[in-house]
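Participant: Sequence below, structure please.
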Amino acid sequence: MRMNSDGEIKYMLSNAPEDIPFLELVRVSQLRWIIEQLFQEGKSYLGLDEYEMRSYPGLHRHMALVNVVMHFLLTVRIEFGLKKTISP
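Facilitator: Below is the predicted model of the structure:
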């Protein structure tokens, strides 16, 4: 269960084995949020969703290039201590 800043409560279900520690489940659920944020930024600012499918190798190259750019921008953000997301 997680409460957002607007007061909305979110619940998560898992099909993980019962012997997995609760803190591990929390850690994994937080990783999902980070990955969703990366995809959102990639789509919004870097054109991750603008590829028109012509071939799988082309799609693969497009995704790889966007990921390299995302990594570069993250490195710049960390190096200069920027906390905001990329601005268009």
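
Participant: Where do the strands of the chain begin and end?
Facilitator: Secondary structure of the chain (DSSP state E): strands at 2-3, 9-10.

Participant: Could you identify which of these has the lowest mean pLDDT?
Facilitator: Of all the strands of the chain, the minimum mean pLDDT falls on strand 2-3 (a mean of 66).

Participant: I'd like to know how far the residue of the chain positioned farthest from its centre sits from residue 39.
Facilitator: For the chain, the largest distance from the centre (CA atoms, centre = their mean) belongs to residue 19, which lies 27.6 Å off. Here the criterion is CB to CB, to the nearest Å. By it, residue 19 lies 31 Å from residue 39. In short, each C-beta sits where N, CA and C put it, glycine included.

Participant: Just the pLDDT for the residue farthest from the centre of the chain.
Facilitator: The confidence metric pLDDT takes the value 92 at residue 19.

Participant: what do you get for the one 4 residues further on?
Facilitator: At residue 23 the predicted local distance difference test score is 91.

Participant: Likewise for the one 5 residues further on?
Facilitator: As summarised for this prediction, residue 28 has a pLDDT of 85.

Participant: Equivalent analysis for the one 4 residues further on, please.
Facilitator: We have a pLDDT of 80 for residue 32.

Participant: Give me the residue at the spatial middle of the chain.
Facilitator: The central residue of the chain, meaning the one whose C-alpha is nearest the mean C-alpha position (CA atoms, centre = their mean), is residue 35 at 2.3 Å.

Participant: how about that residue, what does it touch?
Facilitator: With CB atoms under 8 Å, 6 or more residues apart in numbering as the criterion, no residue contacts residue 35.

Participant: From residue 10, how far off is it?
Facilitator: The spacing between residue 35 and residue 10, counted by CB to CB, is 16 Å.
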